[in-house]
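Visitor: all I have is the shape, not the residue letters:
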């Protein structure tokens, strides 16, 4: 694979690069319009198109009243053209590819070395000055699995797979190969997830892709449906909060902490902290369960007044009783 950067030269090579750049950003180009953009005759455009074809670019003639040209997909990868901003963006993307968990670290490193090698010195310096540390994910996913799932999503074909995760008690009757209608592949915090409709459970499910072992062939085709709320990122964020509806914690409460707001705000997460009185903070926050919410609030080493709801007071009472029993047993 070769990479080239656009040149402003008026020589033939520079004009070829300009022509190639135009063909990459628009599907169909009338010959007269290309000639006008390049400041040459249509005859010159035809000659330049022939030169691109000789270099391996599959430029097809488009029939019609105006005629024109189209850059098609070919049987092999020809040299690619990037402008300066695209080249820097590509280098940044390759640097952070190690954190995607897609198992492409070595290929990304080789691609980055290739791009860097052909960069002008000023661009190479910009890329080398970037301070990017990509944390390598521990749960790597094979690109063959990602490609197979992507193809199934585009083809709207059910996938069958074994899932390396302990089944929940309520799923005991449904153990065995999973059958899921795949809708989205999402990467979140360096980990890949498959979001799909599980007909056997009559519910949307999220599966970690690194735990999926695909079976072949795929199942029957299906009619795609819309993820709840219409936005997969919001849907996934809600599921991680234990919510089946909106992107909000299912258990939300309000307390007064005997601490200044400056001491609370840095640890409030997505909660809302505001001054209730000098040296005291009103905090509205949430969690996936009342017990988890109460336990999380106890990390603030101070007196806590529960404003509401009653379920949060009950959770504090249960935690206190549990802590008391633990202390007695330890004694």
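Guide: Cool, got the structure. None of the values given here were measured: they were computed from a predicted structure.

Visitor: buried residues in whatever helix or strand residue 205 lives in?
Guide: Element membership for residue 205, per DSSP states H and E: strand 203-208. Using 16 or more other Cβ atoms under 10 Å as the test for burial, strand 203-208 gives 204-208. For glycine as for every other residue, the C-beta is placed from the backbone atoms N, C-alpha and C.

Visitor: what packs against it?
Guide: Counting contacts by 3 or more Cβ pairs under 8 Å, 6 or more residues apart in numbering; DSSP states H and E, strand 203-208 packs against strand 178-188, strand 191-198, helix 232-240.

Visitor: after it comes which helix or strand?
Guide: Next along from strand 203-208, by DSSP H and E: strand 212-215.

Visitor: which elements pack onto that following strand?
Guide: Looks like strand 212-215 contacts helix 143-155, strand 159-163 (3+ Cβ pairs under 8 Å, 6+ apart).

Visitor: who does the shortest one touch, helix- and strand-wise?
Guide: Packing partners of strand 159-163 (3+ Cβ pairs under 8 Å, 6+ apart): helix 143-155, strand 178-188, strand 212-215.

Visitor: gap between residue 121 and residue 127?
Guide: 11 Å (Cβ to Cβ, to the nearest Å).

Visitor: buried ones in the helix or strand encompassing residue 125, by neighbour count?
Guide: Element membership for residue 125 (DSSP H and E) is helix 121-128. Residues of helix 121-128 classed as buried by neighbour count (16+ other Cβ under 10 Å): 123-124, 126-127.

Visitor: try stretch 264-279
Guide: Neighbour-count burial for stretch 264-279 flags 264, 268, 271, 273, 276 (criterion: 16+ other Cβ under 10 Å).

Visitor: quick one: distance of the host helix or strand of residue 111 to the chain centre.
Guide: Per DSSP H and E: residue 111 is located in helix 105-117. On the basis of Cα atoms, centre = their mean, to the nearest Å, helix 105-117 sits 21 Å off its chain's mean C-alpha point.

Visitor: and of the helices and strands packed on strand 203-208, who's closest to residue 158?
Guide: For the helices and strands packed on strand 203-208, proximity to residue 158 was assessed by Cβ to Cβ; strand 178-188 is nearest, at 5.4 Å.

Visitor: what's the angle from that closest one to helix 143-155?
Guide: 110 degrees (axes from the mean of the first three to the mean of the last three Cα atoms, to 10 degrees).

Visitor: number the chain from 5, please
Guide: Taking 5 as the first residue, the last one we looked at is strand 182-192.

Visitor: packing partners for strand 182-192?
Guide: So strand 182-192, by 3+ Cβ pairs under 8 Å, 6+ apart, packs with helix 147-159, strand 163-167, strand 195-202, strand 207-212, helix 236-244.

Visitor: go with 6 Å
Guide: On a contact count with 3 or more Cβ pairs under 6 Å, 6 or more residues apart in numbering; DSSP states H and E, strand 182-192 meets helix 147-159, strand 163-167, strand 195-202.

Visitor: could I get the buried residue list for it?
Guide: The neighbour-count check on strand 182-192 (16+ other Cβ under 10 Å) flags 182-191 as buried.

Visitor: off-centre distance for the strand holding residue 209?
Guide: The answer for strand 207-212 is 16 Å, by Cα atoms, centre = their mean.

Visitor: with stretch 54-73 instead?
Guide: Worked out by Cα atoms, centre = their mean, stretch 54-73 lies 36 Å from the chain centre.

Visitor: now do that stretch, average pLDDT.
Guide: Across stretch 54-73, pLDDT averages out at 83.

Visitor: got the contact list for it?
Guide: Residues from elsewhere that reach stretch 54-73 (Cβ atoms under 6 Å, 6 or more residues apart in numbering): 32-35, 53, 74-76, 78, 82.

Visitor: neighbours of the nearest residue to residue 128 once chain neighbours are set aside, just the number please.
Guide: Of all residues beyond its chain neighbours, the one nearest residue 128 is residue 120 (5.9 Å), with distances taken as Cβ to Cβ, 6 or more residues apart in numbering. Neighbour count for residue 120, taken as other Cβ atoms under 10 Å: 16.

Visitor: any idea how far residue 120 lies from residue 28?
Guide: 21 Å.

Visitor: still on that earlier bit, so for the helix holding residue 115, what gets flagged as buried?
Guide: Buried residues in helix 109-121, counted by 16+ other Cβ under 10 Å: 109, 112, 115-116, 119-120.

Visitor: looking at those residues, which is nearest residue 332?
Guide: Nearest to residue 332 among the buried residues of helix 109-121, with distances taken as Cβ to Cβ, is residue 109, at 51.8 Å.

Visitor: how about the strands in the stretch 5-154 of the chain?
Guide: For the stretch 5-154 of the chain, applying DSSP state E, counting those that start in this stretch gives strands covering 7-9, 63-66, 72-75, 84-86.

Visitor: quick revisit: in CSV: the helices and strands packed on strand 207-212, plus distance to residue 323.
Guide: Below are the helices and strands packed on strand 207-212 laid out as CSV (distance: least, Cβ to Cβ, whole Å):
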stretch, distance to residue 323
strand 182-192, 30
strand 195-202, 31
helix 236-244, 23
